[in-house]
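>>> Just to be clear, the model below is a prediction. Sequence and coordinates:
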Amino acid sequence: MRRVETGEFYSGEVLLKLFQGREFKAQKYLEKTLDVVLEGIEKLGISKDEPIHVCTGYIFTKVREDLKSRGYKLTPVKVAGATQELAEREFVKSLVRLGVGDEREVAEMRSFDSFLEWVLQDLEGRERFVKTGWPSWPRLRESGEPS
């Protein structure tokens, strides 16, 4: 979450385990995404009069619904520019914390296919880094190919 006018930002994390197993099926990741956004609104002191741009991605579905029902001025947007760069930096940091590699190594794995190739090189040791709840994971796991 980034306030464009001042450059202030708040970053939270949706844990990988919420994209796996029963927690994925129960869509716990959507609830956690809302919790992170609400924490950011509180920390940044965002009022209901301040416009909020929310990413159009599926993971923000519950966020858009909830903020609208609470009376926030909400505009769904495709995230780009400085906000996208901030999100990517925070994502790289999260992968480093998980043990995927150092910042340089992780930053070099820029695409979905690159990450998938990395996982498939040591499937048994690296599958724990995968959002295994998605319907496409078993097919990708079996094929051993990114695309």
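Received the coordinates, thanks. Numbers count the residues shown, from 1 in each chain.

>>> How about the contacts made by the spatially most distant residue from the centre of the chain?
Distance from the centre of the chain peaks at residue 49, with 26.3 Å (Cα atoms, centre = their mean). Applying Cβ atoms under 8 Å, 6 or more residues apart in numbering to residue 49 gives the contacts residue 73. (Each C-beta comes from the backbone N, C-alpha and C, glycine too.)

>>> On the three-state scheme, it is what?
coil (DSSP: H, G, I helix; E, B strand; the rest coil).

>>> Which residue comes closest to residue 46 once chain neighbours are left out?
In this structure, residue 46 finds its nearest non-sequential neighbour in residue 52, 6.7 Å apart by Cβ to Cβ, 6 or more residues apart in numbering.

>>> quick one: contacts of the helix or strand harbouring residue 85?
For residue 85, the host element (DSSP states H and E) is helix 81-98. Identification of contacts with helix 81-98 by Cβ under 8 Å, 6+ apart yields 2, 4, 9, 11, 13, 16, 79, 101-103, 106-107, 129.

>>> can you state the direction angle for the helix or strand harbouring residue 113 and helix 81-98?
For residue 113, the element it lies in under DSSP H and E is helix 112-121. Between helix 112-121 and helix 81-98, the angle comes out at 10 degrees (axes from the mean of the first three to the mean of the last three Cα atoms, to 10 degrees).

>>> Centre of the chain to helix 112-121, how far?
How far helix 112-121 lies from its chain's middle: 18 Å, per Cα atoms, centre = their mean, to the nearest Å.

>>> For it, output the C-alpha coordinates as CSV.
Coordinates of each C-alpha in helix 112-121 appear next as CSV, following Å, rounded to 0.1, in the frame of the first residue of the first chain:
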residue,chain,number,x,y,z
PHE,A,112,6.7,-17.1,-13.4
ASP,A,113,8.5,-19.5,-15.7
SER,A,114,11.8,-18.7,-14.2
PHE,A,115,10.5,-19.5,-10.7
LEU,A,116,8.8,-22.6,-11.9
GLU,A,117,12.0,-23.9,-13.6
TRP,A,118,13.9,-23.2,-10.3
VAL,A,119,11.3,-25.2,-8.4
LEU,A,120,11.3,-28.1,-10.9
GLN,A,121,15.1,-28.4,-10.7
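
>>> Right, I'll call it a day here.
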